[in-house]
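J.: Pasting the sequence and the predicted coordinates here, then a few questions.
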Amino acid sequence: MSPEASELYQEACSLEYQHEYNGAIEKLKDAIKISPEDSILLTKLAGLYTELNDYDNAVDIYLKAIEIKPNDAFIYISLGSIYETQNKYKEALAAYENALRIFPEYKYNYLNLANVQYQTKDYKSAIENYKLFLDTYSQHWEARKSLANSYLSAGNPEKAVEEFQNLYINNNENFDDYANFGIALFKTANYEKAQEILEKAIEKDDTNTTAKVCLAMTYQNLEKNDLALAQFNAVLKDENGLNSIRYDYANLLADMGNNAKAIEEYKKYLTSYPEDGNAYRNLGIVYKREKDYKNAIENYKKALSKSSNDINTKKDLAECYHLQKDYKNAIVFYDEILKQDAEDIETKTNKAIALHALGQYQDAITLYEEILDKKDSEMVQSNLTDAIVSQSTKDLEAKNYKNAIDGYVKAISRGTKDSYAYYGLAKAYQATGVNDKATEYYEKAIALDPDKTEYSKDFAKFISDINKQQEPENTNGGEISSVTIDIPVSEVSKPAEDNSYIENIEKNKKLISEGDKNYKEKKYDEAIANYKEALLLKPSDEVTLLKIGNLYRSKKDDAKAIEFYKKSIFVKPEYADGWFNLGIVHADQKNIVQSKKCFEKTIEINPKYAYAYYALARANEAEKDNASAIKNYENFIKYSTDEAANKDVQSRIKSLKK
């Protein structure tokens, strides 16, 4: 710089100090005429233009300075700052990157880069550069705040919470970004803390709609439904056109049981977001809850049109058809579900029930049996037996007597209590001429259901026909006189003492008595043989089934014990002793979950079953659930008459309360 130019430069600096920028600019222009290649004069002039917000002239001068001094990083930084102010982020980024290439040691430039990248939504790069800057300037709170917001915008709320928490603890007096901190906490499901921070955010700025919406949903997730409802109402009052939140608002209303209002809000939401399949699905759920299956089906179908593989929507749709007794359409969707998940037991069960309802008994039987191969179920066992009876009746009507007999026998062996199975079997045996079997099963059908006059009438006619066939020939050549045998219903209900039914009862009692004697003498195998023989005569005897289970348990054969305990509750689902003993075996096997279910079922059947409470309390103790254990022990004492046991339990309660 020449002496003349230097003097003008000094005069310009003096004028700048006095804020006389225009005069300073003129001095610098004169100096540049004298020393046009001096980058200091140019950068000073560009800086003065920047002070006057004359960015176009400032940029032109900085570019001339770069031509003279292309390796001056700070000229690029100044140029980038102007571009950034003008929202010309592409140009700003290029300027800062040039500065970084020339002078990578200048750490503040990483902050410049990060700020521009944040504005251009290149959050990944922004995060990297904020971190590089903070490696040197760790206490730069604005940069740390920007890093937190970059994490939040990048979809990493966990890291955002970490950074906001650092700011909140270490710079509490200056902390002001409650809204984004609360939003990050909400997104990480830290609802308790989110509530605290979001409430502060709204207290400081009640115009932040996003924070208010997040607070409403935070209350909702905390099941503070009244607060959530009030918050949603406040937001929608201020922002009536804010349809984006009506989905969550409708969900809240549905959860609170306000179905009519929920339906209204889902519909409003869908006017703005007609492609949201979840909204149609939830609307369908509400309609289903209202038992408006027509509208439920319509909305489930719309949901499927948006997401054709949504298995849960297909399940809901199938259920609606099923509830409408439109079994054919239900089966269509059950089949679609099973294509996606061939092992879905619940869907297989529902399909089997639908087939059963349509009278497709054989298909239902096949499916019921397939289900039971995978998982035992009292309901499926019962349905299978019913389907076998129905298919056998169909075979009987079609005169397929062999199939009918096989089916009825199978149903009876499964312990059916349907008297029609015995009646149908009697009819099938009658049709095939097996009269002794026909007689036996007519008698059993009548004994099971003496009020069914149809059984008595058909049995009477059957006996009459047999007697007619056995009448002697009329040797006089005249007509055979008609012999009518009339068996009153009362006599059929109480057969004569010498018939086979009474004999079987007496034989059953004798076998059980022998079994009891062998049981007491610990002749377990002989007792089991006695009881099993007795069951051939009375297969639905839950007490005898329980005794066999007890014997196998005494023999340490848990698998067999479980089998017979399950049979006892199958023939009598409300058999409390069966459920209790089944629970004991599960407990012995350390299967706490199953044992608890059995004891809870026992108590459901008989709320005064003292030892079920005791056993349940022991299971609670095994799970370290002392509160529940104490409650169940107290119930044991309430219903138990065993003083010694009560004292022991009182001691256990005292120990658990320490």
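T.: Arrived safely, thanks for sending.
J.: Would you state the strands of the stretch 501-650 of the chain in chain order?
T.: Taking DSSP state E, counting those that start in this stretch as the criterion, the stretch 501-650 of the chain contains no strands.
J.: Let me see the residues that make contact with stretch 650-658.
T.: Stretch 650-658 is contacted from outside by 617, 621, 626, 629, 630, 633, 634, 637, using CB atoms under 8 Å, 6 or more residues apart in numbering. Bear in mind the C-beta positions are built from the backbone N, C-alpha and C, glycine included.
J.: if you skip the residues just before and after it, what's nearest to the fourth one?
T.: When the adjacent residues along the chain are set aside, residue 629 lies closest to residue 620, with 3.7 Å between them (CB to CB, 6 or more residues apart in numbering).
J.: what residues are up against that neighbour?
T.: 626, 628, 629, 632.
J.: what's the spacing between it and residue 324?
T.: 43 Å (CB to CB, to the nearest Å).
J.: Distance to residue 26, neighbour count and pLDDT added to the contacts of residue 620, as a markdown table?
T.: Shown next, in a markdown table, are those (distance: CB to CB, whole Å; neighbours: other CB atoms under 10 Å; pLDDT from 0 to 100):
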| residue | distance to residue 26 | neighbour count | pLDDT |
| --- | --- | --- | --- |
| 626 | 89 | 16 | 92 |
| 628 | 90 | 15 | 93 |
| 629 | 93 | 21 | 93 |
| 632 | 96 | 23 | 94 |
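J.: Reformat those residues as CSV; add distance to residue 104.
T.: What follows is these, written out as CSV (distance: CB to CB, whole Å):
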residue, distance to residue 104
626, 63
628, 65
629, 67
632, 71
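J.: Quick check on the contacts of stretch 650-658: which are buried?
T.: 617, 621, 626, 629, 630, 633, 637 (16 or more other CB atoms under 10 Å).
J.: Let's test this: mean pLDDT of stretch 233-241, rounded?
T.: The pLDDT scores in stretch 233-241 average 76.
J.: what about residue 276, how many neighbours?
T.: 17 (other CB atoms under 10 Å).
J.: Check the gap between it and residue 407 for me.
T.: Residue 276 sits 51 Å away from residue 407, going by CB to CB.
J.: for residue 339, same thing?
T.: Taking CB to CB, one finds residue 339 at 31 Å from residue 407.
J.: what's the answer for residue 374, then?
T.: 23 Å.
J.: Next: residue 232.
T.: Counting by CB to CB, the gap from residue 232 to residue 407 is 59 Å.
J.: These two - which one has more neighbours?
T.: Set residue 232 next to residue 407 and count neighbours by other CB under 10 Å: residue 407 wins out with 28 against 25.
J.: Provide a list of residues in contact with the more buried one.
T.: By CB under 8 Å, 6+ apart, the contact set of residue 407 is 388, 389, 391, 392, 395.
J.: what's the one helix or strand the second one maps to in contact with?
T.: Residue 389 belongs to helix 378-397 when elements are defined using DSSP states H and E. With CB under 8 Å, 6+ apart as the contact definition, helix 378-397 has outside contacts at 349, 352-353, 356, 359, 361-362, 364-365, 368-369, 371-372, 401, 403-408, 410-411, 414-416, 418, 420-421, 424-425, 427-428, 431, 569-570, 573.
J.: just to revisit the earlier point, out of the contacts of residue 407, which is most surrounded?
T.: Going by other CB under 10 Å, residue 388 tops these with 28 neighbours.
J.: pLDDT score for it?
T.: The model's pLDDT for residue 388 equals 96.
J.: gap between it and residue 381?
T.: For residue 388, the distance to residue 381 - CB to CB - is 11 Å.
J.: what's the answer for residue 434, then?
T.: Counting by CB to CB - residue 434 and residue 381 are separated by 29 Å.
J.: Same check on residue 96?
T.: 75 Å.
J.: swap in residue 545?
T.: From residue 545 over to residue 381 (counting by CB to CB), the distance is 14 Å.
J.: Between those two, which has more neighbouring residues?
T.: More crowded of residue 545 and residue 381, by other CB under 10 Å: residue 545, with 27 against 18.
J.: which residue packs closest to that one, ignoring adjacent ones?
T.: residue 568 (3.9 Å).
J.: residues near that neighbour, how many?
T.: 25.
J.: Report the contact partners of it.
T.: So residue 568 contacts 542, 543, 545, 546, 549, 575, 577, 578 (CB under 8 Å, 6+ apart).
J.: So the fourth one sits against residue 580, correct?
T.: No. Counting by CB atoms under 8 Å, residue 580 is not a contact partner of residue 546; they are 9.7 Å apart.
J.: could you say which helix or strand contains residue 343?
T.: Counting by DSSP H and E, residue 343 is part of no helix or strand.
J.: Compute the number of surrounding residues for it.
T.: Residue 343: 8 neighbours (other CB under 10 Å).
J.: Contacts only, for it.
T.: Per CB under 8 Å, 6+ apart, neighbours of residue 343: residue 374.
J.: again with residue 403
T.: With CB under 8 Å, 6+ apart, residue 403 has these contacts: 392, 395.
J.: how close does it sit to residue 388?
T.: 11 Å.
J.: Among the contacts of residue 568, which one sits closest to residue 62?
T.: Nearest to residue 62, judged by CB to CB, of the contacts of residue 568 is residue 578 at 92.1 Å.
J.: In helices, which of the contacts of helix 378-397 appear?
T.: Per DSSP state H, helices hold the following members of those: 349, 352-353, 356, 361-362, 364-365, 368-369, 371-372, 401, 403-408, 410-411, 420-421, 424-425, 427-428, 431, 569-570.
J.: Now the buried members of the residues you listed.
T.: Among the ones in helices among the contacts of helix 378-397, the ones that count as buried (16+ other CB under 10 Å) are 349, 352-353, 356, 361-362, 364-365, 368, 371, 401, 403-405, 407-408, 410-411, 420-421, 424-425, 427-428, 569-570.
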